[in-house]
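Participant: using only what follows, build the 3D model:
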Amino acid sequence: MYGITGHGTYVPRLRMRRETIAAAHRWMAPGLAAGAKGQRAFCSWDEDSTTMAVEAARKVLDAQARSAVRSLTVATTRAAFEDLPTSSLVANALALPEALRAADLGQSQRAGVSGLLAQLRAADGPALVIASDHPGAKAASAQELSYGAGAAAFSLGSEGVIAQLIGAHSVWNMFVDHFRSSESKHDYYWEERWIRDEGYARIVPDAVAAALKSANLAPAQVKHFIFASPLKGSGAMVAKRCGIAVDTLDSTLDEQCGYAGAAHPALMLADALERCQPGEVLVLVGFGQGCDVLVLRATDAIQTYQTRGSVRAALADAQVHGDYLRMLSYDKGIELEWGMRAEKPIKTALSEQHRSADQLGAMVACKCTRCGTVQFPRLAYCVGEGCGAPAAESAPVPLSDVPSKLLTCTADWLSYHPAPPLHVGFVQFDNGARVLMEIVDVGAAGLDVGTPLRMTYRIKDVDTARGYTRYFWKATPLAA
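Facilitator: Predicted coordinates:
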């Protein structure tokens, strides 16, 4: 048996009230108020599809499981680079084996579902499939209200399978509900009624029927119907057209998350698996210039499986904001005057980045075999008092999952920072390491000595002159 063996999810902590967005545009688009309910997730200035993919994968793979992975697929419609694989950045941050087949998928909202289907059909060893996305939207558009951000990761293999593929069907077509050219920042959407009536209602039912036929199942046997769309109410309509009971339609996660593009069907699948019982059938639909439908059946192992990153926990770990311009600034929807301090030149030394990849990518410290001192970064000699052993007499020690707490902290309002103030302080790790780090997502409770922290993978800085994004690890409070 080969199938899904685990899942992990990530939703940014930052949420924007939809009523705040609608209020900002009341002067020219008063109709937005009708859909301004709940809140939507949005990325901080230092989050993107790469960082979210890493965070979701950390919830499903421990250090031992990472060493066994032989295939990595990352799907997104908003990659950080046009020509630099997201999968390579993710593999580096997760310290995955070098002998790894890494692939990127994109250019369609169904990319995440397509990637999962392809790997389940390949069934060629331990694999990791991640869908991560944060679709952009024009200010005052309906999409600005409905869109969100998030990522979901699935481990695949032959041991501890919690759901297996029992049927599938795929079609392609030139039904263009929306598109984004290579020179455009935002999608161009066609009329909603056209998308529902000529797209969803005509394309999805036939694909679902074919997938169920391949699994020798009837629509009445479906317990979880997963259909992601930014158009409210479309899921119920599609379920009826497919002959599937509407009460099997799984939560769209709209009220607290919003539509997360290519990642949204994956987020909904992870949420469904958390509530699934052995033997139950799940139908997962990916729509976008075609349709991929997966029919999955939960195994007995799902009863004892416990995820370290549930969707509901991610949604509950929220910081709700009322500053609409904050969201615009983080997504580069508005250009602010930051002053001359923001003009500091930043150029990444790619040669040094390559040489230090084993330390910086996955935040790997070293432990002296003579005195036991743990230090980061690795230096030529041990810094332990009276030791001085050469670096050759040390062993690697990953820090990203080691419990830590705040030792000291400063809130800097003078230095340039895209999300002032800049919080910097010494982080004390339980294994003895002590590192000066940036601290992010500091909520209203603030920081104090002893505040429990965890590591999070983020954007370190951006070289705007050359368009290069550099990633590293930062600290964040355990609780929002």
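Participant: only C-alpha atoms for contact and neighbour calcs from this point on.
Facilitator: OK.
Participant: so where's this protein uncertain?
Facilitator: Residue ranges of the chain with pLDDT under 70: 480.
Participant: determine the longest strand present in it.
Facilitator: Looking across the chain with DSSP state E, the single longest strand is strand 452-463.
Participant: what residues sit buried inside the next helix or strand after it?
Facilitator: Of the helices and strands lying after strand 452-463 in sequence (DSSP states H and E), the nearest is strand 468-477. Applying a neighbour-count criterion of 16 or more other C-alpha atoms under 10 Å, one finds 469-477 buried in strand 468-477.
Participant: thinking again about what came up before, helices or strands next to the longest strand of the chain in the packing?
Facilitator: Applying 3 or more C-alpha pairs under 8 Å, 6 or more residues apart in numbering; DSSP states H and E, one finds that strand 452-463 contacts helix 49-58, strand 404-406, strand 468-477.
Participant: L145: which of those is closest?
Facilitator: With C-alpha to C-alpha as the measure, helix 49-58 is the member of the helices and strands packed on strand 452-463 nearest L145 (19.5 Å).
Participant: show me what that closest one is packed against.
Facilitator: Packing contacts for helix 49-58, counted by 3+ C-alpha pairs under 8 Å, 6+ apart, involve strand 3-10, helix 86-94, strand 127-133, strand 150-157, strand 452-463.
Participant: now the angle from that helix to strand 452-463?
Facilitator: Computed with axes from the mean of the first three to the mean of the last three C-alpha atoms, to 10 degrees, the direction of helix 49-58 lies at 150 degrees from that of strand 452-463.
Participant: how far off centre is helix 49-58?
Facilitator: Computed by C-alpha atoms, centre = their mean, to the nearest Å, the chain-centroid distance of helix 49-58 equals 5 Å.
Participant: ok, then the element right after that helix?
Facilitator: Sequence order places helix 63-66 as the next helix or strand after helix 49-58, per DSSP H and E.
Participant: quick one: residues in contact with that following helix.
Facilitator: Applying C-alpha atoms under 8 Å, 6 or more residues apart in numbering, the external contacts of helix 63-66 come out as 94-97.
Participant: can you list contacts of the one helix or strand D104 maps to?
Facilitator: If you go by DSSP H and E, D104 is part of strand 101-105. Residues from elsewhere that reach strand 101-105, judged by C-alpha under 8 Å, 6+ apart: 70-76, 85-88, 111-112, 115.
Participant: could you redo the last one with a cut-off of 6 Å?
Facilitator: Contact with strand 101-105 is made by 71-75, 87, 111, as judged by C-alpha atoms under 6 Å, 6 or more residues apart in numbering.
Participant: listing partners with orientation, what would you give for it?
Facilitator: Here strand 101-105 has these sheet partners by DSSP bridges: strand 71-75 (parallel).
Participant: now do the strand it pairs with: distance to the chain's middle.
Facilitator: Put simply, strand 71-75 sits 13 Å off its chain's centre (C-alpha atoms, centre = their mean).
Participant: can you list contacts of that strand?
Facilitator: Taking C-alpha under 6 Å, 6+ apart as the rule, strand 71-75 contacts 87, 100-106, 111-112, 127-131.
Participant: before we move on, the earlier item: make a ChimeraX selection of the buried ones in the contacts of helix 63-66.
Facilitator: A single ChimeraX command selects the buried members of the contacts of helix 63-66 (16+ other C-alpha under 10 Å):
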select :94,95,96
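Participant: now render the contacts of helix 63-66 as JSON lines, adding distance to Y324.
Facilitator: Shown next, in JSON lines, are the contacts of helix 63-66 (distance: C-alpha to C-alpha, whole Å):
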{"residue": "L94", "distance to Y324": "33"}
{"residue": "A95", "distance to Y324": "37"}
{"residue": "L96", "distance to Y324": "38"}
{"residue": "P97", "distance to Y324": "42"}
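Participant: re earlier: turn the helices and strands packed on strand 452-463 into a markdown table, including distance to A211.
Facilitator: Output for the helices and strands packed on strand 452-463, formatted as a markdown table (distance: least, C-alpha to C-alpha, whole Å):
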| stretch | distance to A211 |
| --- | --- |
| helix 49-58 | 28 |
| strand 404-406 | 48 |
| strand 468-477 | 41 |
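Participant: need the nearest residue in space to the one residue sitting closest to the centre of the chain, chain neighbours excluded.
Facilitator: Central residue of the chain (C-alpha atoms, centre = their mean): A151, 2.6 Å from the mean position. Take A151 and drop its neighbours on the chain: the residue closest to it by C-alpha to C-alpha, 6 or more residues apart in numbering is S132, 4.1 Å away.
Participant: and the most far-flung residue of the chain relative to its centre, how far is that from C371?
Facilitator: Taking C-alpha atoms, centre = their mean, the residue of the chain most remote from its mean C-alpha position is G386, at 44.6 Å. Taking C-alpha to C-alpha, to the nearest Å as the measure, G386 falls 9 Å from C371.
Participant: same check, this time on V60
Facilitator: 34 Å.
Participant: more neighbours, those two?
Facilitator: Legend: neighbour count by other C-alpha atoms under 10 Å for V60 and C371, higher for V60 (23 against 16).
Participant: show me the contacts for the more buried one.
Facilitator: Residues near V60 by C-alpha under 6 Å, 6+ apart: 7-8.
Participant: how does it look with 7 Å?
Facilitator: Neighbouring residues of V60 by C-alpha atoms under 7 Å, 6 or more residues apart in numbering: 6-8, 155, 308.
Participant: any chance of those in a markdown table, plus distance to A349 and neighbour count?
Facilitator: Formatted as a markdown table, these follow (distance: C-alpha to C-alpha, whole Å; neighbours: other C-alpha atoms under 10 Å):
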| residue | distance to A349 | neighbour count |
| --- | --- | --- |
| G6 | 37 | 25 |
| H7 | 35 | 34 |
| G8 | 33 | 26 |
| S155 | 34 | 25 |
| R308 | 36 | 16 |
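Participant: run a quick neighbour tally on the closest residue in space to L120 that isn't next to it in sequence.
Facilitator: With sequence-adjacent residues excluded and distances taken as C-alpha to C-alpha, 6+ apart, L120 is closest to G3, at 6.2 Å. Using other C-alpha under 10 Å, the number of residues around G3 comes to 29.
Participant: so how far is S49 from G3?
Facilitator: 25 Å.
Participant: could you chop the chain up by domain?
Facilitator: The chain breaks down by automatic domain parsing into domains covering 3-176+189-330, 400-480.
Participant: end-to-end on the longest one?
Facilitator: Distance across domain 3-176+189-330, first residue to last, is 38 Å (C-alpha to C-alpha).
Participant: ok, which stretches of the stretch 301-450 of the chain are strands?
Facilitator: Listed in chain order, the strands of the stretch 301-450 of the chain (DSSP state E, counting those that start in this stretch) span 319-321, 364-368, 374-375, 394-398, 404-406, 410-412, 422-429, 434-439.
Participant: TSV for the ones you listed, including mean neighbour count?
Facilitator: Output for those, formatted as TSV (neighbours: other C-alpha atoms under 10 Å):
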stretch	mean neighbour count
strand 319-321	16
strand 364-368	23
strand 374-375	24
strand 394-398	17
strand 404-406	24
strand 410-412	14
strand 422-429	20
strand 434-439	18
